[in-house]
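[1] sequence first, predicted coordinates after that:
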Amino acid sequence: MLNFYIIIGVISLISWLVSRRLKNKFNHYSKIQLRNGLSGKEIAEKMLHDHAIFDVKIISTSGKLTDHYNPANRTVNLSESVYNQRNAAAAAVASHEVGHAIQHVQAYQWLQLRSNLVPVVGVSSKFSQWLVIGGLILGAASGNTGIGFMIAVLGLGLMALATLFSFITLPVEYDASNRALAWLKTTNMLTNEEQDGAKDALKWAARTYLIAALGSLAMLLYWGFRILGSRD
């Protein structure tokens, strides 16, 4: 069991380091002003139009690194800095989010699968760990390990769905970045230096999803062994 605590601790540390590195990268590339003078909003508009997509709205949203594509109302939501600024970081994020819009239009299977799981994951993320812990406590306190075990297994099942969701997210995010970088390059939207900056920024953003998926898997295995161990 000690090994699991060490693994979770290491993953948490790596996650913190990657997140910090990502923020530093975006701060750095935010200082590289685009030679073409386009804002994140304007780059997103051009990429949408180049792919013959005219029914997706681009919206400015509050916060930092809150950028996302919403398939439900077909909106590309860009944080205020990305929406307004004209730098390599804004270009990378804006084109990445449009990459998701293109996935939606082209019925990219991994995006469809992730979208189908969103409602379930929204519930599982709130209750899974409480069910697992509650089931273990109930079994230990009442001596009725059967009921406690069933509750804990239910929570574990919900946790497994959340873990599955985090791994399905990986190809969705990597594909959106690849689409963004390919479009930026083929259209000569950025200079070589700006293109390298956009690529590096998206690379570090993708790593945050990878670490999150590994962290979710580690927690799932940890609680799985705790629950199975309670039956011994």
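    Now that the structure is in, tell me what you want to look at. Residues are numbered from 1 along each chain as shown.

[2] and Lys46, how many neighbours does it have?
    18 (other CB atoms under 10 Å). (Each C-beta comes from the backbone N, C-alpha and C, glycine too.)

[3] quick check, it in contact with Leu38.
    Yes: here Lys46 reaches Leu38: they are 7.3 Å apart, a contact under CB atoms under 8 Å.

[4] now do the shared contacts for the two.
    Residues touching both Lys46 and Leu38 by CB atoms under 8 Å, 6 or more residues apart in numbering: Met189.

[5] OK, contacts around the spatially most central residue of the chain?
    With distances taken as CA atoms, centre = their mean, the residue of the chain nearest its centroid is Tyr209 (5.0 Å). Applying CB under 8 Å, 6+ apart to Tyr209 gives the contacts Ser166, Thr169, Leu170, Glu173.

[6] repeat that for Leu190.
    Taking CB under 8 Å, 6+ apart, one finds Leu34, Arg35, Asn36, Ala88, Ala91, Leu184, Ala198 in contact with Leu190.

[7] the first one touches Gln85, doesn't it?
    No: look at Leu34 against Gln85 with CB under 8 Å: they stay out of range, at 9.1 Å.

[8] mind checking which of the contacts of Tyr209 are buried?
    Ser166, Thr169, Leu170, Glu173 (16 or more other CB atoms under 10 Å).

[9] just name the closest of the contacts of Leu190 to His51, please.
    Leu184 (13.1 Å; CB to CB).

[10] residues in contact with the closest one?
    Contacts of Leu184 (CB under 8 Å, 6+ apart): Ala91, Ser95, Leu190, Gln195, Ala198.

[11] any regions of the protein where pLDDT drops low?
    1-2, 4, 142-145, 230-232 (pLDDT under 70).

[12] longest helix in it, please.
    In the chain, ranked by residue count with DSSP state H as the criterion, the top helix is helix 145-186.

[13] for the protein, which segments count as strands?
    Taking DSSP state E, the strands of the chain run over residues 57-61, 68-70, 75-79.

[14] nearest to Val120, out of the ones you listed?
    In terms of CB to CB, the element of these nearest to Val120 is strand 68-70, at 17.8 Å.

[15] neighbouring strands - and their directions - for the closest one?
    In the sheet, strand 68-70 lines up against strand 75-79 (antiparallel) (DSSP bridges).

[16] using CSV, write out every CA atom in the partner strand.
    Output of strand 75-79 as CSV, limited to C-alpha atoms (Å, rounded to 0.1, in the frame of the first residue of the first chain):
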residue,chain,number,x,y,z
THR,A,75,-19.4,27.9,-29.5
VAL,A,76,-15.7,28.4,-29.3
ASN,A,77,-15.1,30.0,-25.9
LEU,A,78,-11.8,31.9,-25.6
SER,A,79,-10.5,33.4,-22.5
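
[17] just the buried residues of that strand, please?
    Across strand 75-79, burial judged by 16+ other CB under 10 Å covers Thr75, Val76, Asn77, Leu78, Ser79.

[18] repeat for stretch 206-223
    Result for stretch 206-223 [16+ other CB under 10 Å]: buried residues 206-220, 222-223.

[19] check stretch 139-157 too.
    Neighbour-count burial for stretch 139-157 flags Gly139, Thr145, Gly148, Phe149, Ile151, Ala152, Val153, Gly155, Leu156 (criterion: 16+ other CB under 10 Å).

[20] how about stretch 115-133?
    Those would be Leu117, Val121, Ser124, Ser128, Gln129, Leu131, Val132, for stretch 115-133 by 16+ other CB under 10 Å.
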